[in-house]
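S.K.: return atomic coordinates for the entry below.
(chains A and B)
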Amino acid sequence: MSSVELKKVEKHFSGGVVAVDAIDLDVPDGAFVTLLGPSGCGKTTTLRMVAGLETPTGGEIRIKGQRVNETPIHQRNLGMVFQNYALFPHKSIFDNVAFGLKYRKVSKSDIAARVKQALDIVRLPGVEERFPTQLSGGQQQRIALARALVIEPDVLLLDEPLSALDANLREEMRGEIKAIQQRIGVTAIFVTHDQGEALAMSDLVVVMNKGRIEQRGAPAEVYEHPRSEFVANFLGNANFVSGTVAAVNGKRVSVVLADGARIDVADSARAVEMGEAVNVIVRAEKIELGGGGLAGTIAAVDYLGSTARYDVTLAGGQKVTALATIRDGARRVGEAVSLAIAAEHCRIL
Amino acid sequence: MSRALARPYLLLSPAILSLSLLMVAPVVFVLAYSFWLRTAEGLDVPAFQFGNWANFFSDEFYWLALYSTFKTALITTAVCIVLGYPTAYFLARAEIKNRGLLLFLMFLPFWVSYIIRTMSWINVLGKNGFVNAVLMGIGITDEPFKLLYNDFSVIMGLVYFQLPYMIINVYVSLDGIDRNLESAARVLGCTPWQSFREVTLPLSLPGLGAGSLLCFVLAAGSYVTPRLLGGTDTLFFPDLIYEAIISQLDWPFGAVLSVVMLVALGLVIAVYNRFMSLSDVYRSFAR
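M.R.: Numbering: from 1, shown residues only, chains lettered A, B, ... in the order given. Below you'll find the model as predicted:
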């Protein structure tokens, strides 16, 4: 059963700006769905329309099968976590977490019990009497999560909840949010521009661009089999190598580069013709340095500790980026290398 | 004192010097004056006696004047809150393009002398003034209303002068509230009105408090407005100070009245500071 359904939902702002362009989306019950995309792609607007904070200019939004387009925000029973936590600074932690319960006419003793339970879930027991400014950023975000979950929402909406945290805390919280979501079994819609978060946390990744959905699928599927250049590029480190189709054998395609070197593609996503100019897409970490068919020179080295990112100029002048584990020291600029690219890691879109 | 310790004081010395000369010294002089003796011939003689103070404490006319002044200031402040808060809310929240222009327009009248602006109310509220002309023109009344030279015109003039201070204080406060807080309250189950009551209003209280204090102190200390727009029965404390010092040349008693005014307003500020933070008053000026 779908928890949230969007049918041809669109949002046009005055001045002809199309923020969200007729998108369809089914969020299965209990799933963790991520809307991923660059800023301005419509992901946050989509989330805010589900919450009721924005009104769609077209289409239909259903929550638990009920159309909610006309339902005011406060009657939708949703939990929402904001980027900057949005805790009420003038209220104690107890009053912050109890806020939603107070407006649901829960009795005083039940409120106390449920607030305590919620604080236990986010592993911050005993902070009831403190105020938001007395907590660290990570702790504040846990309280925001507790405040959203304590009302037992139909859907948990997360609007870039990790982007205000520093890097270490972000990874810790990302595991924790996912664990809590799974334990409670609440349906979650998560908005982020961070592909790492999307891939690590989601059951379903929805890549958005310019108000439309580019691709949706399980994290590995979207990463390994991007269906557009945008998706390939946005989900990290894709190379686009241009060449001409020299041989076609079913889905197997051979592409010849300007310098005469060949790249074999095991599984072309579309039918191509002999002599057609194409871009071969290959991820940086799939390019092996040493022992291969493509000759090149290292133009730049980005030392990352356990790995290094190499900008390699191919013999024909094209540039590709390779990401390689460092074993016996990084390679140097100007060094001649040969590149091996396995056919099954190449795609033509 | 070592040089490093002395440096902050050196850097502060211009401020300390100017404050001492321009603020502390005059107040000390006025305080000293309040103990001087005014002779029967009308001369002020240096002395240390409590006759002036005894005169003040024994005449309830001055207490009545103080009460009347604070009452007018309080009404002015209340009217400024009622008129200023919605205006500030609109300026902070409405989806308007020319917010800066509107704020600028609000302060534009400040370019014209306060006295001229106050006097122009005479033309608006007077017997043959704009308001009465319109009311009689459309037949609402045959006789002109008495709008001028009474408490109404004083409060009108004071509100007119103080309102921008109230609006800007509340505006700064509202503008600083994270909009997500209201969204969070709404998602958690608040109607728009409930979210205003739970989040927006409490978080804008510092600005409202600062604006109110400013309005009250400025209104209670104003002299020009009650003088120009008040009637013969208008009782305003700063006016009495003027009468004592300029009309009657009784500097010692004028000094007594000045000190009383200073202490009374100081008490108001102290009470305010007990419940609200004074630093919020300065914040809107820091922007």
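S.K.: how much space between the one residue sitting closest to the centre of chain A and residue A:81?
M.R.: Centroid check for chain A by Cα atoms, centre = their mean gives residue A:198 as the closest residue, at 3.1 Å. Noted for residue A:198: a distance of 16 Å to residue A:81, by Cβ to Cβ, to the nearest Å. Placement of C-beta: from N, CA and C, glycine included.
S.K.: how about the strands in chain B?
M.R.: Secondary structure of chain B (DSSP state E): strands located at B:37-38, B:44-45.
S.K.: no wait, the stretch 51-200 of chain A
M.R.: Along the stretch 51-200 of chain A, counting by DSSP state E, counting those that start in this stretch, strands occupy A:58-63, A:66-67, A:78-81, A:155-159, A:187-192.
S.K.: which elements pack onto the last one?
M.R.: The reference is to strand A:187-192. Helices and strands touching strand A:187-192, by 3 or more Cβ pairs under 8 Å, 6 or more residues apart in numbering or on different chains; DSSP states H and E, are strand A:2-13, strand A:17-28, strand A:32-36, helix A:43-51, strand A:155-159, helix A:195-201.
S.K.: one more time with 6 Å
M.R.: On a contact count with 3 or more Cβ pairs under 6 Å, 6 or more residues apart in numbering or on different chains; DSSP states H and E, strand A:187-192 meets strand A:32-36, helix A:43-51, strand A:155-159.
S.K.: packed most tightly, which of these would that be?
M.R.: Ranked by mean neighbour count under mean count of other Cβ atoms under 10 Å in any protein chain shown, these are led by strand A:32-36, which reaches a mean of 26.
S.K.: low-confidence ranges, chain B, go.
M.R.: B:1, B:277-287 (pLDDT under 70).
S.K.: ditto for chain A
M.R.: Where chain A drops to pLDDT under 70, the residues are A:1.
S.K.: next, count neighbours for residue B:184.
M.R.: 27 (other Cβ atoms under 10 Å in any protein chain shown).
S.K.: who are the contact partners of the residue nearest to it when sequence neighbours are not counted?
M.R.: Excluding the flanking residues, the one nearest residue B:184 by Cβ to Cβ, 6 or more residues apart in numbering or on different chains is residue A:86, at 4.3 Å. Residue A:86 makes contacts with B:180-181, B:184, as judged by Cβ atoms under 6 Å, 6 or more residues apart in numbering or on different chains.
S.K.: out of those, which is nearest to residue B:171?
M.R.: Closest to residue B:171 out of the contacts of residue A:86 is residue B:181 (17.3 Å), distances taken as Cβ to Cβ.
S.K.: surely the closest one is in contact with residue B:199?
M.R.: Yes: taking Cβ atoms under 6 Å as the definition, residue B:181 is a contact partner of residue B:199 at 5.0 Å.
S.K.: neighbour count winner among these two?
M.R.: residue B:199 (25 against 22).
S.K.: quick one: residues contacting the more buried one.
M.R.: Per Cβ under 6 Å, 6+ apart, neighbours of residue B:199: B:181-182, B:185.
S.K.: with distance to residue B:112 added, can I get the helices and strands packed on strand A:187-192 in a markdown table?
M.R.: Output for the helices and strands packed on strand A:187-192, formatted as a markdown table (distance: least, Cβ to Cβ, whole Å):
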| stretch | distance to residue B:112 |
| --- | --- |
| strand A:32-36 | 55 |
| helix A:43-51 | 46 |
| strand A:155-159 | 48 |
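S.K.: and of these, who's closest to chain B?
M.R.: helix A:43-51 (5.7 Å; Cβ to the nearest Cβ).
S.K.: what angle do the closest one and strand A:17-28 make?
M.R.: Using axes from the mean of the first three to the mean of the last three Cα atoms, to 10 degrees, the direction of helix A:43-51 lies 60 degrees away from that of strand A:17-28.
S.K.: residues contacting helix A:43-51, please?
M.R.: With Cβ under 6 Å, 6+ apart as the criterion, helix A:43-51 contacts A:11, A:19-20, A:35, A:37, A:54, A:56, A:78, A:80, A:157, A:159, A:191, A:208, B:187.
S.K.: then it to CSV, C-alphas only?
M.R.: Output of helix A:43-51 as CSV, limited to C-alpha atoms (Å, rounded to 0.1, in the frame of the first residue of the first chain):
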residue,chain,number,x,y,z
LYS,A,43,12.8,18.6,-4.1
THR,A,44,12.1,20.9,-1.1
THR,A,45,9.0,22.4,-2.8
THR,A,46,7.7,18.8,-3.3
LEU,A,47,8.3,18.0,0.4
ARG,A,48,6.6,21.2,1.5
MET,A,49,3.6,20.5,-0.7
VAL,A,50,3.2,17.1,1.1
ALA,A,51,3.4,18.9,4.4
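S.K.: tilt between it and strand A:187-192?
M.R.: Relative orientation of helix A:43-51 and strand A:187-192, computed by the same axes, to 10 degrees: 150 degrees.
S.K.: sorry, back to before: so which of the strands of chain B comes closest to residue A:267?
M.R.: strand B:44-45 (105.8 Å).
S.K.: name the residues of chain B found near chain A, please.
M.R.: Residues of chain B that fall close to chain A, judged by Cβ under 6 Å from any Cβ of the partner chain: B:180-181, B:183-184, B:186-191, B:202.
S.K.: which strands and helices sit next to the longest helix along chain A?
M.R.: The helix that spans the most residues within chain A, counting by DSSP state H, is helix A:167-184. Packing contacts for helix A:167-184, counted by 3+ Cβ pairs under 6 Å, 6+ apart, involve helix A:195-201.
S.K.: list the buried ones in stretch B:168-175?
M.R.: Applying a neighbour-count criterion of 16 or more other Cβ atoms under 10 Å in any protein chain shown, one finds B:168-174 buried in stretch B:168-175.
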